[in-house]
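>>> What would the 3D arrangement of this be:
(2 chains)
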There are 2 protein chains.
Amino acid sequence: MPRGINKRGWHYITNNTDESRHSEDKLSFYGAHNFLLVRDGSTCFGLFVDFPGKVYYDIGYTRHDLFSFHTETPDYDLYLLSGGNENAICKEFRTLIGRSYIPPKWAFGLAQSRWGYKTEEDVREVARQYKEHDLPLDMICMDIEYMQDYADFTVNKERFPDLAKLSADLKAQGIRLVPIIDAGVRIDPNDPTCTEGLEKGYFCTKADGTPFVAAVWPGKAYFADFLRPEVREWFGHKYKALTDCGIEGFWNDMNEPSLFYSPERLRAFLNDMAALREKDNIEQEEFFPRVVGGAMGLMNSPADYASFYHEVDGQKVRHDQVHNLYGGSMTRAAGEAFADLRPGQRTLLYSRSSFIGSHRYGGIWLGDNNSSWAQLLANIQMMPSVQMCGFLYSGADLCGFSSDTTPDLALRWLEFGLLTPLMRNHSAVGTRMQEYYRFPEVLPAVRNMIRLRYALLPYLYSEFMKAALENTSYFRPLAFDYPDDPDAREVEDQLLLGEGLMAAPVYVQNAHGRHVYLPEPMKLLRLRAVDDYDEEILPAGHHYIRCALDEVLLFLRPGHIVPVAQPANNTSELDDASLTLWSFLPDGESAEYRMYRDDGVTTEYEKKEHWKTLQIHHS
Amino acid sequence: MPRGINKRGWHYITNNTDESRHSEDKLSFYGAHNFLLVRDGSTCFGLFVDFPGKVYYDIGYTRHDLFSFHTETPDYDLYLLSGGNENAICKEFRTLIGRSYIPPKWAFGLAQSRWGYKTEEDVREVARQYKEHDLPLDMICMDIEYMQDYADFTVNKERFPDLAKLSADLKAQGIRLVPIIDAGVRIDPNDPTCTEGLEKGYFCTKADGTPFVAAVWPGKAYFADFLRPEVREWFGHKYKALTDCGIEGFWNDMNEPSLFYSPERLRAFLNDMAALREKDNIEQEEFFPRVVGGAMGLMNSPADYASFYHEVDGQKVRHDQVHNLYGGSMTRAAGEAFADLRPGQRTLLYSRSSFIGSHRYGGIWLGDNNSSWAQLLANIQMMPSVQMCGFLYSGADLCGFSSDTTPDLALRWLEFGLLTPLMRNHSAVGTRMQEYYRFPEVLPAVRNMIRLRYALLPYLYSEFMKAALENTSYFRPLAFDYPDDPDAREVEDQLLLGEGLMAAPVYVQNAHGRHVYLPEPMKLLRLRAVDDYDEEILPAGHHYIRCALDEVLLFLRPGHIVPVAQPANNTSELDDASLTLWSFLPDGESAEYRMYRDDGVTTEYEKKEHWKTLQIHHS
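Down below sits the predicted model:
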């Protein structure tokens, strides 16, 4: 949802929307996460509105002291969770909704992506440049260009003549390919996904029973009815075309679903423009609604969403009434099939659109964003919100997706992104190139920061696995651990990360420091690299802390240990047997750390031998 | 220009643009102010590019350590100003460009505005509600609805049957009417502005010599060629239709000029849509450029700006080459005429578009903005930038123009707005109503804050007059007064205000405090009202300072006095003979304050008797 960690003072609609501007005036973004925590003085409760359509919230917008919500039909299930503080209620909620998706360990490495890698050579060039510049890398994501005419489960043979070989060659370098799958199925009588889906009646239909059509990247497309189990099974097994090439990870996109236009509505608009042409004098009163509003209104039109149907238990259900289930159900289709296609193995999957429930099948990224400092702050503020709803494997497009990034924004965003489970640099075609080797001025610092990510993986991965297996949060607002501290409750730009760390990212251009609030004494680490940092023990309270462009601020909480490895070129080369322990043990006391180590690829998460206890004893 | 006080790390184009989103990714806003201060270590210089067309800046965007600019043609005048610190260079620049516009004193009162006051009764209702709620008010602005068919210098007689009487009735209550004048002249054979302008050949022309036509609010319109002195004189004297009704103030709008569409380009678009209709299958590759891009591209089209001409010294000059002069020349037209229409009297005038030079004829507002916390911060950051370019009488649309405000945003924005010379609450049709009496929850605090503005007027008006008469700055970044303090140089959210005050506005939703940097010891005033505040002397350094929603933070600099009056219902009732003196005199030392008092309406600014010295003696 838009705005800060504290949602008070605005109104919101959970209505999955392809909205790349994460600005304050928006009401809806990509996910429908109807779980909120409400704190009223010393009491706290959780509120979960289980509903597949739009939920309207007024959170102190009309009146600062009133909270209300409503739906268009009253058939929602409302869960009120009480008994304890924010962490306890979140744990209760997470237990209720089921275990979060766990990706392979290599998915905690760095991913380089761009809408615009047109050929196999473009992809190999990224790998080569990363290697030449001595920058670690685990994944290269393939956007829509790898497909034939943007058709799902196809590969353009001219531009990607041998995907299996490309995948194997890169994997030998420790790099996985992660292709995109879009929601819309290209209409093409020669495309088996299209023809099979038509034959089986697996696509969403219009009121007259014919398949619903709207244009997206492949042009006119059908939309699989992911609400039906047999459709999910069919679509999910289509990924086999790519897993057979050695692909082990995917991203599901455009699955709100985003609709550019429906042919009917486009034709009506063109007819209206033709009619307007006949007028001698077009008044500006007609210009805005008919020309500008008409053209812009073609995209993601509510009228289109209300014009097609799903089949649920043999009944037709109009799409707009279950709109928020769509993207997550596509994720579920893939996730369910992977258990069959790759039994016992983890498959990377993250989705743009989501609802609570789809957190069991995949992670998410925070949707298309913008290369701006404001969206770096939005990234920081969204992380705990999506994680408390179960989307542990998550992150934003680092450097920003649309518009042009700058070297300093790229570096500052990386300094936060090196802490997010999904760590992906992604951008739109036509924007400034932003692979991490593109910025010679800040390259040494960028290298140090990516290497720091890898060095922190023993801690980050352990904390992620604790969050997944024990229904806790990887990122948390300070308010969760210090609910009785009014200053901590207001902090919107620092996050607790696992048991022992607090992050305080710099997100202001040209700043060489920032204010930080410590709810308790902590040890500051001002890191230029994993082995080059200043440390200082600071008392509780408000501090101004210097932080040059090439530095990142981490804080160790008292009594905690953070295990740190040597940096590696990719996760497979990471040596987590030889660790350095960072700690803040105020009175020379002892401490323990529960570290999680496994093979990182199989689904046997719960073996006791994965846990190892690290100790620092003071005598 | 977009972004913060420090412009480093982005690229910009001075190209006057109707752009209501003051977001980071933008390159151009409403004004063309080609004056920059460059600090390089211990030296500082000013750079003024005197050029009427687009100027392209790369300020550490391509490379962090490089600054460059260019124009499309090389015929610019470049002024390099050196010798001293920021304040000295700004003073040198201001001396070069001439004295800033000085409005009547009542223009320092509160203005209530909205696009949407349709009738005389709507206007009277605003005055009534302000009075009933005991809220001070000096001005009500009239947006385009007061006109007949949006035609300049007309009044709709049905909805405003007697403007002179309305003006007189309100003036008796201490409230002035401030009508809008738009740049485009409605095409209407019965409208004298239209017919006279045509007869005299005063409108901009196309290449074939016929008048250029584009649609704006009145529909198809002509555009006066304000670059010609005889056209300025003619257009400026048209304001007489309204000054004859007792009107003493105006705002000039839409004068970038903003163009909705030209008939030629709209017809071409409609033809293209008709052609597209003939195709059986419209690919999405055509949809974005032709349909969406085509419709959106009609507005403020560069092709339109390159299609019409001015006459300068008998030569045709293409508009786009002198685009940035247009709005400011309209302001000049009005300002020059007022000297004749209202000799010896000050007339309120502020403009949306501007260039350096037009600061001599009117103030500016910061253009259409958005009801968001981000734009409150943008307001804070833009103020010193426009003021150092001579636009002293300036301010943003308080509460925000587009989208919906919230009660807390309205109050927090007022807490900053009460310090800006132009203090206007303005909003767009269709948005949440935001007159200051609309928010019962925060009404007492709103009332206290508006009253605080009036109480501060002896100081604010004196500081404004010093800035205008002595070429100093009313608002300044901390970097100007403390150039050797690296922490002060980084502060982007505090402003020095005149000689003795520093402002530190809260601009984060739900925050009950903020961090403040003091370059030297200062006395904190945490004000709930002019007579209800906490005070505390704080040492230099970084502080976290609590500030509840109904409080504002002001800081008194050492050795300074701030004269404060009793609040009044409007500026005419303000008693500045009986003053309270706020001061911070660290060692019990003495101090003086130079206060400016005049009649506030005539143009005899420079009389010695306007200055009075207030003193605090300690013995």
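
>>> Start from the N-terminal end of the stretch 151-300 of chain A and give the helices.
Taking DSSP state H, counting those that start in this stretch, the helices of the stretch 151-300 of chain A run over residues A:163-172, A:192-200, A:229-238, A:240-243, A:263-277, A:284-286, A:293-296.

>>> quick one, what contacts residue A:235?
A:202, A:224, A:226, A:330, A:333-334, A:337 (C-beta atoms under 8 Å, 6 or more residues apart in numbering or on different chains). All C-beta atoms are positioned from the backbone trio N, CA, C, and that covers glycine.

>>> picking up where we left off before, comparing the helices of the stretch 151-300 of chain A, which gets the lowest mean pLDDT score?
Of all the helices of the stretch 151-300 of chain A, mean pLDDT reaches its minimum on helix A:284-286 (a mean of 81).

>>> Does residue A:112 touch residue A:138 like I think?
No - contact criterion C-beta atoms under 8 Å: residue A:112 and residue A:138 do not qualify, at 9.2 Å.

>>> thinking again about what came up before, what two of the contacts of residue A:235 are the furthest from one another?
A:202 and A:334 (15.2 Å; C-beta to C-beta).

>>> anything in stretch A:412-422 near chain B?
No - shown here: stretch A:412-422 not in contact with chain B (C-beta under 8 Å from any C-beta of the partner chain), separated by at least 10.4 Å.

>>> Distance from that stretch to the middle of the chain?
How far stretch A:412-422 lies from its chain's middle: 12 Å, per C-alpha atoms, centre = their mean, to the nearest Å.

>>> Break chain A down into its domains, please.
A:1-97, A:105-183+A:225-258+A:318-458, A:263-297 (the TED database).

>>> Single out the most deeply packed of the ones you listed.
Highest mean neighbour count among the domains of chain A (mean count of other C-beta atoms under 10 Å in any protein chain shown): domain A:105-183+A:225-258+A:318-458, with a mean of 22.

>>> how long is it end to end?
End-to-end distance for domain A:105-183+A:225-258+A:318-458: 11 Å, by C-alpha to C-alpha, to the nearest Å.

>>> do you know how far residue A:440 is from chain B?
Distance from residue A:440 to chain B, counting by C-beta to the nearest C-beta, to the nearest Å: 9 Å.

>>> Model confidence for the closest residue to residue A:228 other than its chain neighbours, exactly?
Residue nearest to residue A:228 in three dimensions, not counting chain neighbours: residue A:311, with 5.9 Å by C-beta to C-beta, 6 or more residues apart in numbering or on different chains. Residue A:311 is assigned a predicted lDDT (pLDDT) of 97.

>>> Who does residue A:311 form a beta bridge with?
On the basis of DSSP bridges, residue A:311 is bridged to residue A:316.

>>> What distance do you get for it to residue A:229?
For residue A:311, the distance to residue A:229 equals 11 Å [C-beta to C-beta, to the nearest Å].

>>> quick one: terminal-to-terminal distance for stretch A:138-158?
First-to-last residue span, stretch A:138-158, C-alpha to C-alpha: 26 Å.

>>> do it and chain B meet at all?
No - applying C-beta under 8 Å from any C-beta, one finds stretch A:138-158 separated from chain B by no less than 9.0 Å.

>>> avg pLDDT for that stretch?
Computed over stretch A:138-158, the mean pLDDT rounds to 98.

>>> Also stretch A:422-439?
Mean pLDDT, stretch A:422-439: 97.

>>> if I pick the most centrally placed residue in chain A, what's in contact with it?
Residue closest to the mean C-alpha point of chain A, counted by C-alpha atoms, centre = their mean, is residue A:365 at 1.7 Å. If you count contacts by C-beta under 8 Å, 6+ apart, residue A:365 has them with A:251, A:350, A:352, A:394-397, A:422, A:424, A:426.

>>> Which secondary structure elements does the host helix or strand of residue A:68 sit against?
Using DSSP states H and E, residue A:68 maps to strand A:67-71. When contacts are defined as 3 or more C-beta pairs under 8 Å, 6 or more residues apart in numbering or on different chains; DSSP states H and E, strand A:67-71 packs onto strand A:55-59.
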